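Participant: Next come a sequence and a model predicted from it.
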Amino acid sequence: MNWKLIFFLSSFGFGIGLGSLTAWGVSNLPLAIIIVASVWLISLRAPGRLALHGFVAGAMIQLWAGAINAYYIFDLSRVRLVEVTPHRITSTNKCI
């Protein structure tokens, strides 16, 4: 396993997480570019176990993006802009 490559590719997840908080994450083009770049780098730098490298890099990308989104949502709930319930996220309609 090439962990240096996996951690480098997982940094794309940080960008996806930040991009999903803005309008940049709406488009599919940046996601397609990230996927193609990841596949290309894995094929060049990890000659064996390509599927395992891709799976682990994808899982770490999702962990980064999910952690950033979870932090953002729970930070908004801390300042009472949204309510986090077990089944949905609702707005409290308060202006700062």
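Facilitator: Perfect, I can see it now. Every value quoted in this text rests on a predicted model; they were computed, and no experiment measured them.

Participant: Please name every helix or strand in contact with the host helix or strand of Pro30.
Facilitator: Taking DSSP states H and E as the criterion, Pro30 maps to helix 29-45. Secondary-structure packing of helix 29-45 (3 or more C-beta pairs under 8 Å, 6 or more residues apart in numbering; DSSP states H and E): helix 3-20, helix 50-78. Glycine gets a C-beta too; all of them are placed from N, C-alpha and C.

Participant: Just the angle for that helix relative to helix 3-20, thanks.
Facilitator: Going by axes from the mean of the first three to the mean of the last three C-alpha atoms, to 10 degrees, helix 29-45 is angled at 180 degrees with respect to helix 3-20.

Participant: nearest spatial neighbour of the residue nearest to the spatial centre of the chain, skipping sequence neighbours?
Facilitator: Residue closest to the mean C-alpha point of the chain, counted by C-alpha atoms, centre = their mean, is Ala65 at 2.3 Å. Nearest residue to Ala65 in three dimensions, chain neighbours excluded: Gly17, at 3.9 Å (C-beta to C-beta, 6 or more residues apart in numbering).

Participant: picking up where we left off before, the helices and strands packed on helix 29-45: which one's closest to Leu41?
Facilitator: helix 3-20 (6.5 Å; C-beta to C-beta).

Participant: on that earlier part again, quick one: the residue nearest to the centre of the chain from Ile16, how far?
Facilitator: The spacing between Ala65 and Ile16, counted by C-beta to C-beta, to the nearest Å, is 5 Å.

Participant: again, but for Ala32
Facilitator: 12 Å.
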